[in-house]
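**Student:** Give me a 3D structure for the following:
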Amino acid sequence: PRNTMLLVSDITGGKHRTATICLFEQFWSVGVMLLPGIASFWQSWSQLYLAISLPTFILIILHRWIPDSPNWLLEHGRIMEAKSVLIESTKINKNTFLQNDIDLQLKTASQAEMDKVSEGWWMIWKEKTAIKNLLRVHLAWSIFIVVYYGMLLNIRAFGRDHLTMNTIIAGACEMIGTFGGLYLIICSNKKWFWCGLLNIAGGLIAYIAWIIPTNK
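**Tutor:** The predicted structure is shown next:
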């Protein structure tokens, strides 16, 4: 799936590329919403695990019809194959416009990619600004992951009697949040402001759980 996202991001641009990357996570949200319905057919965890995992074998069958990334093709000197993928994408998007020197551009881009010297992973530690940004991103990402999966995997704490509905609501809220984030990314110039504001609001809402009385 991640490779598919990279492929789609390669053959799209502008707002369409932003929407593609943001809305890619909707597949996960739909899966969360469908999980209670799938679980209702199997009582055994082993059977449920197989029911969730086996459909992924369909991707193996479909893999032969999924084209390679144009960037990857150019990196390996397969210019004509990259051109065919781009032509096919323009037809699907109902845009038949291609620049007259497309062959020259692809050849130049391919040569530049093949001549590029790959740098080791340690290069990211040579610039102080890059180190600071890297640490900030990893800190924020780790917090988001812990909070998200902590809530999703412990959703039974909201009550086992309403487990199915709570799971569906969790998936629906994620979909709404993704569409809301996409709207702010495209239509707002203060992306970091909204990012910080929404995270602060989410944290304050989470603290409300402390004042909710527990049933004894």
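
**Student:** going forward, measure contacts between C-alpha atoms and count neighbours the same way
**Tutor:** OK.

**Student:** Return the set of buried residues in stretch 29-37.
**Tutor:** Neighbour counts using 16 or more other CA atoms under 10 Å place 29, 32-33, 35-36 of stretch 29-37 among the buried residues.

**Student:** wait, stretch 185-203
**Tutor:** So, applying 16+ other CA under 10 Å, buried residues of stretch 185-203: residue 185.

**Student:** Restricting to C-alpha, output that stretch in PDB.
**Tutor:** Listed next in PDB are the C-alpha coordinates belonging to stretch 185-203 (Å, rounded to 0.1, in the frame of the first residue of the first chain):
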ATOM      1  CA  ILE A 185      -3.700  22.300   4.400                       C
ATOM      2  CA  ILE A 186      -5.200  23.500   1.100                       C
ATOM      3  CA  CYS A 187      -7.200  26.500   2.200                       C
ATOM      4  CA  SER A 188      -5.200  27.900   5.100                       C
ATOM      5  CA  ASN A 189      -1.900  29.700   5.200                       C
ATOM      6  CA  LYS A 190      -1.500  29.100   9.000                       C
ATOM      7  CA  LYS A 191      -1.000  25.400   8.900                       C
ATOM      8  CA  TRP A 192       1.300  25.200  12.000                       C
ATOM      9  CA  PHE A 193      -1.000  27.500  13.900                       C
ATOM     10  CA  TRP A 194      -3.900  25.200  13.400                       C
ATOM     11  CA  CYS A 195      -1.800  22.100  14.100                       C
ATOM     12  CA  GLY A 196      -0.700  23.500  17.400                       C
ATOM     13  CA  LEU A 197      -4.100  24.800  18.300                       C
ATOM     14  CA  LEU A 198      -5.900  21.500  17.500                       C
ATOM     15  CA  ASN A 199      -3.300  19.500  19.500                       C
ATOM     16  CA  ILE A 200      -3.700  21.700  22.500                       C
ATOM     17  CA  ALA A 201      -7.400  21.400  22.300                       C
ATOM     18  CA  GLY A 202      -7.200  17.700  22.000                       C
ATOM     19  CA  GLY A 203      -4.900  17.500  25.000                       C
END
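
**Student:** thinking in terms of the whole chain, how far from its middle is that stretch?
**Tutor:** 18 Å (CA atoms, centre = their mean, to the nearest Å).

**Student:** Likewise for stretch 51-58?
**Tutor:** 20 Å.

**Student:** picking up where we left off before, name the nearest of the buried residues of stretch 29-37 relative to residue 183.
**Tutor:** residue 29 (17.7 Å; CA to CA).

**Student:** excluding its backbone neighbours, what's nearest the closest one?
**Tutor:** Using CA to CA, 6 or more residues apart in numbering and skipping residues adjacent in sequence, the residue nearest residue 29 is residue 171, 4.8 Å away.

**Student:** As a check, name the ranges of all helices in this protein.
**Tutor:** Secondary structure of the chain (DSSP state H): helices located at 2-10, 14-23, 26-39, 45-53, 57-62, 70-75, 79-92, 102-115, 128-153, 163-187, 191-207.

**Student:** what pLDDT, on average, does the fifth one get?
**Tutor:** Taken as a whole, helix 57-62 carries a mean pLDDT of 80.

**Student:** For that helix, C-alpha coordinates in CSV please.
**Tutor:** Extracted in CSV, the C-alpha atoms of helix 57-62 (Å, rounded to 0.1, in the frame of the first residue of the first chain):
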residue,chain,number,x,y,z
PHE,A,57,-3.2,-11.9,-0.9
ILE,A,58,-5.4,-10.2,-3.5
LEU,A,59,-2.7,-7.6,-3.7
ILE,A,60,-0.2,-10.3,-4.9
ILE,A,61,-2.5,-11.1,-7.8
LEU,A,62,-3.0,-7.4,-8.6
